[in-house]
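A.B. asks: Output the structure for:
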Amino acid sequence: MSASETRPESQIQRAQSIIKRLGTKSIVLVGIMGCGKSTVGRRLAQYLSLPFVDADSEIERAANRTVSEIFKEHGESYFREGEKRVIARLLNEGPQVLATGGGAFMNTETRERIKKGGVSVWMKAELPVLMARVKKRPTRPLLQSEDPEGTLKRLMDERYPIYAEADLSIWSRDVTHEAVMEEILKVLEAGLPPLGAPSATPAINIDSEE
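C.D. replies: Take a look at the predicted model:
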């Protein structure tokens, strides 16, 4: 018996409705490091019975190097060019749940491609939540500094206005991954066009801290 067959019928119908309304588009998770794109993305993909793809992992596979090694050996600009190419390729392979790196959405070409081939969801998070999470993974290249908290705050100031261009957004709070996934499911249900409607996706934001 498959995992989907053990789930309540209401969950199966909910997932199928979202998938139908997605069409060929991918759900593209965007946000700063530590917001939970990969961990929540895997659960979301499982819930929807869609493939999960982590853009950073695909970049590492293509380069046969870790992200940290690419940054160290070639610099950030080189990495960003490779990231742009990989995400462009992945967007042609939807529907899927695609977790992007924190800097990917900052690229204008990548944002345009995501707008055409995906439905972007910004996973917003506050600084204390992010710091608690990133401390568990001290290898992040952009935080290799004497003041990682200051660096992260600067990145938030630079990136959050751009992330705000995403189609949908939710708060990634200090709750279970399943609770964050539920917030994403809610904005997808509210923001995706109904079947037979034009594919433009209205901006939906969930700013409640409940």
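
A.B. asks: Which neighbouring elements make contact with the longest strand belonging to the chain?
C.D. replies: Longest strand in the chain, counting residues (DSSP state E): strand 118-124. Secondary-structure packing of strand 118-124 (3 or more C-beta pairs under 8 Å, 6 or more residues apart in numbering; DSSP states H and E): strand 26-30, helix 148-163, strand 168-171, helix 177-191. (Each C-beta comes from the backbone N, C-alpha and C, glycine too.)

A.B. asks: Format those as CSV; extra columns: mean pLDDT, distance to V97 and mean neighbour count.
C.D. replies: Converted to CSV, these look like this (pLDDT from 0 to 100; distance: least, C-beta to C-beta, whole Å; neighbours: other C-beta atoms under 10 Å):
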stretch, mean pLDDT, distance to V97, mean neighbour count
strand 26-30, 97, 5, 29
helix 148-163, 92, 18, 15
strand 168-171, 96, 13, 24
helix 177-191, 96, 9, 18
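
A.B. asks: which one of those lies closest to E73?
C.D. replies: Nearest to E73 among these is helix 148-163; the distance by C-beta to C-beta comes to 20.9 Å.

A.B. asks: orientation of that closest one relative to strand 26-30 in degrees?
C.D. replies: For helix 148-163 against strand 26-30, the angle by axes from the mean of the first three to the mean of the last three C-alpha atoms, to 10 degrees is 140 degrees.

A.B. asks: ok, residues contacting helix 148-163?
C.D. replies: 30-34, 102-103, 105-106, 111, 122, 124, 127, 130-131, 134, 142-143, 145, 169 (C-beta atoms under 8 Å, 6 or more residues apart in numbering).

A.B. asks: mind checking how far the residue nearest in space to the middle of the chain is from E146?
C.D. replies: With distances taken as C-alpha atoms, centre = their mean, the chain has L29 as the residue nearest its mean C-alpha position (1.7 Å). In this view, L29 and E146 are 30 Å apart by C-beta to C-beta, to the nearest Å.
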